[in-house]
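Visitor: below are the sequence and a predicted model; questions follow.
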Amino acid sequence: MSFVPGQPVTAVVERVEIQKLRQGENLILGFSIGGGIDQDPGQNPFSEDKSDKGIYVTRISPKGPADLAGLKIGDKIMQVNGWDMTMVTHDQARKKLTKKKEDVVRLLVTRKSLEDAVKHSKCSYAKH
Amino acid sequence: MVHRLCGAFVGQERSQWEKWKHCLSDSHSSSDSGLSTYISFMYSFTSFQDDNWGETTTAVTGTSELSVSQEEVVGLGKGIQDRTQGFRRYLPLAVGSCVGLLVLATPLVFLLLPAVMWPDRLQVCGAACEGLFLSISFKLLILLVAVWALFLRPSRACLPRVCVYRAFLITLTLLLTMSYWLFYGVRILDAQDEDYHGIVQFAVSLVDSQLFVHYLAVVLLELRQLQPCYSVCVIRSTDGETRHYNIGQLSIQRAALSILEYYYRDFPLHNPALLSASKHRAAKHLAGLKVYNVDGAQPSNGNQSRAMVTAAGKRKDSAHNELYYEEADYERRVRKRRARLVVAVEEAFTHVRRMKKEDERATPSDIMDVREAALAIFPSMARALQKYLRTTRRQHCHSMESIQKHLAFCLVNNMSPKAFLEAYLVPGPTLQYGPERWMADQWTLVSEASVTSGIKQGTEFLLKCLDFSLAITIKSIPYIRLTEEYIEPKSHKFLLLLQSETSV
């Protein structure tokens, strides 16, 4: 998932739709994010390429909305409701996820196992 | 085996001393297990004002006495040898004084001879000559002080060969003086020169040249070896004590002299009692491996030798085990004795206190001078100290008087008990003990290269003494290439690396 500046990024993504849960006066999603272009990419434990400044899911509260929707820890978030998440600061990402007027967020996430699954299916298709 | 000689001592202090030495000699015999023989001597007593001296001193007590170890007996004969070397010690001083006198007297003689031999024909010169006379007198005074400072010091060592630079400088000085005399004799005495001004200038030029020769002497003898360019590694042969020093350009014998001065300052006292354990192990190892091939190669002998080698192998297996447990046990014993000693000394020091102003009203029997105070608190720590020294095998380095003297010194200077104990817990440098304990008086320089040649990278030589030797290796200090790099002070910039995690 490394990128070359100026070249388009391609990734296999999964669509995850999370319904926000109302807790008091807050709407929560039940996961934590880390990363961003203003953060240090070397300390990200989930990224494969240590210069990747994308937004990653670092923690999922069990039985929270994100967990029920199928979000996994270590996923890289590519888009939130159409907004790009690959080149944003940490705070911008947080703002896009916690808009009070929206109660549903549609994420495009990618993870390594998706790429592997596609490769496997391609191989098995090619064999037949 | 301990040969015992009965001695007799009377008086309170004497009995204490006796007990001390009794325990010491017991320790000698038990620890060395008969490997050395001891010859006992009677110590002489100090003056005894007692009228009954004759009767009391002939009583036989039957207890043991003072023992002197074998090394000290060998050392007794050495003192006599050194006195015959006396004339060699003062030879450089004598030569220096003679040459110095010659150097100082020559210009004066140059000036006086014309005034004595042909005074009527001499041209009187005025102020210029007076100025030159002043300059000669001050220069001669400076030369006198300089020669005294550089050459007329008592020599601190007797080296095997003459120092090359000194010989060169003496030759140069004599050559200079002789050539001046030659010119003087031919041009002035024979021709009976009347120009006194010229003669005075001639004398002044001689004094100037001698001052420059003295400058050369300072550079060659004192300044040349100040800049360090060699690193010296000194290893003692008996216990492997190693030290490293930096010295400058020197001849081998002078380098050996500097190294010996460092030896007396830095190396801990050589203690032969500490080496007996490894000698035992070596002896046992050798005993196990000796196979005598008396009848040539015979099968019976072959079997025997094989059996002996396997037996030796088995013994070797247990030797390291033995050593390990022995050393652990020794450490434990030393630490236990040390703990008892520290406690005893601290307690002893609490019994005595420096007298303050308000104590002036105290009873006179309580007020003591430092020697009495030391004697008063010594018995409470004597036993613990003696046991500790016996365990660490250093009891022969410290006599009772020296311990009491040290205690008095510590009391006078308000030292803590720990400060007093340091002298006994750690073996000090050789120079700290008296010359009778050094076991290192006569040194022999063993070298493959000539001892007056300069030291070079890779030079090795040996300094042998009676009981041990110092192996010396010389390496040169590397040539250092130092370059500079300029850093703009404003170029120090930093980034903040954040790693935050937000829950949404």
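Guide: Received the coordinates, thanks. Residues are numbered from 1 along each chain as shown, chains lettered A, B, ... in the order given.
Visitor: list the contacts of the closest residue to residue B:197 other than its chain neighbours.
Guide: Leaving aside its chain neighbours, residue B:197 sits nearest to residue B:125 (4.3 Å; criterion: Cβ to Cβ, 6 or more residues apart in numbering or on different chains). The C-beta positions use only the backbone N, C-alpha and C, and glycine is treated the same way. Listed by Cβ atoms under 8 Å, 6 or more residues apart in numbering or on different chains, the contact set of residue B:125 reads B:196, B:197, B:200.
Visitor: surely the first one and residue B:126 touch.
Guide: No: between residue B:196 and residue B:126 there is no contact under Cβ atoms under 8 Å: 10.7 Å.
Visitor: which one's more surrounded, those two?
Guide: Neighbours per residue (other Cβ atoms under 10 Å in any protein chain shown) separate residue B:196 from residue B:126, with residue B:196 holding more: 17 against 8.
Visitor: quick revisit: make a markdown table from the contacts of residue B:125 and add pLDDT to it.
Guide: Shown next, in a markdown table, are the contacts of residue B:125 (pLDDT from 0 to 100):
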| residue | pLDDT |
| --- | --- |
| B:196 | 88 |
| B:197 | 90 |
| B:200 | 92 |
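Visitor: sort out for me which of those are in helices.
Guide: Among the contacts of residue B:125, DSSP state H puts B:196, B:197, B:200 in helices.
Visitor: closest one to residue A:85 out of these, please.
Guide: The closest of the ones in helices among the contacts of residue B:125 to residue A:85 turns out to be residue B:200 (Cβ to Cβ; 104.4 Å).
Visitor: look up how far residue A:53 lies from residue B:499.
Guide: 12 Å (Cβ to Cβ, to the nearest Å).
Visitor: shared neighbours, the two?
Guide: What both residue B:499 and residue A:53 touch, as defined by Cβ under 8 Å, 6+ apart, is the set residue A:39.
Visitor: ok, the two, which is more surrounded?
Guide: More crowded of residue B:499 and residue A:53, by other Cβ under 10 Å: residue A:53, with 21 against 16.
Visitor: and the strands in the stretch 351-500 of chain B?
Guide: Ranges of strands within the stretch 351-500 of chain B are B:444-447, B:460-464, B:469-476, based on DSSP state E, counting those that start in this stretch.
Visitor: the inter-axis angle of the longest one versus strand B:460-464?
Guide: So the one you mean is strand B:469-476. Here the directions of strand B:469-476 and strand B:460-464 differ by 150 degrees (axes from the mean of the first three to the mean of the last three Cα atoms, to 10 degrees).
Visitor: now strand B:469-476, how far from the centre of its chain.
Guide: Centroid separation for strand B:469-476 versus its chain: 17 Å, with Cα atoms, centre = their mean, to the nearest Å.
Visitor: tell me what that strand is packed against?
Guide: Strand B:469-476 sits against strand B:230-236, helix B:252-266, strand B:460-464, with contacts defined as 3 or more Cβ pairs under 8 Å, 6 or more residues apart in numbering or on different chains; DSSP states H and E.
Visitor: does residue B:497 touch residue A:41 like I think?
Guide: No: here residue B:497 lies out of contact with residue A:41, judged by Cβ under 8 Å, at a distance of 9.4 Å.
Visitor: count of neighbours near residue B:405?
Guide: For residue B:405, using other Cβ under 10 Å, the count is 13.
Visitor: show the pLDDT at it.
Guide: You'll see residue B:405 listed with a pLDDT of 92.
Visitor: state the distance from it to residue B:411.
Guide: Residue B:405 is 11 Å from residue B:411, by Cβ to Cβ.
Visitor: could you pick out the longest helix of chain A?
Guide: Per DSSP H, chain A has its longest helix at helix A:112-127.
Visitor: show me what it is in contact with.
Guide: Here helix A:112-127 has contacts from A:11, A:12, A:13, A:14, A:48, using Cβ under 8 Å, 6+ apart.
Visitor: ok, stretch A:60-78 next?
Guide: Contacting residues not belonging to stretch A:60-78 are listed as A:1, A:11, A:13-14, A:16-21, A:28-33, A:46-47, A:52, A:54-59, A:84-86, A:93, A:107-111, B:503 [Cβ under 8 Å, 6+ apart].
Visitor: just the ones of the residues you listed in strands?
Guide: A:14, A:16-19, A:21, A:28, A:31-33, A:55-59, A:84, A:107-110, B:503 (DSSP state E).
Visitor: partners of the residue nearest the centre of chain A in the sheet?
Guide: Chain A has residue A:77 as the residue nearest its centroid, 1.8 Å off, counting by Cα atoms, centre = their mean. Residue A:77 forms beta bridges with residue A:55, residue A:109, as assigned by DSSP bridges.
Visitor: sec struct for residue B:184, please.
Guide: Put simply, residue B:184 is helix when judged by DSSP: H, G, I helix; E, B strand; the rest coil.
Visitor: hang on, isn't it packed against residue B:205?
Guide: No: assessed by Cβ under 8 Å, residue B:184 is found out of contact with residue B:205, at 11.2 Å.
Visitor: what separation do you get for residue B:135 and residue B:232?
Guide: 46 Å.
Visitor: for the stretch 351-500 of chain B, what lies in contact range of chain A?
Guide: Along the stretch 351-500 of chain B, the residues adjacent to chain A under the rule Cβ under 8 Å from any Cβ of the partner chain are B:497, B:498, B:499, B:500.
Visitor: look up how far residue A:38 lies from the last one.
Guide: So that's residue B:500. Using Cβ to Cβ, we find residue B:500 at a distance of 9 Å from residue A:38.
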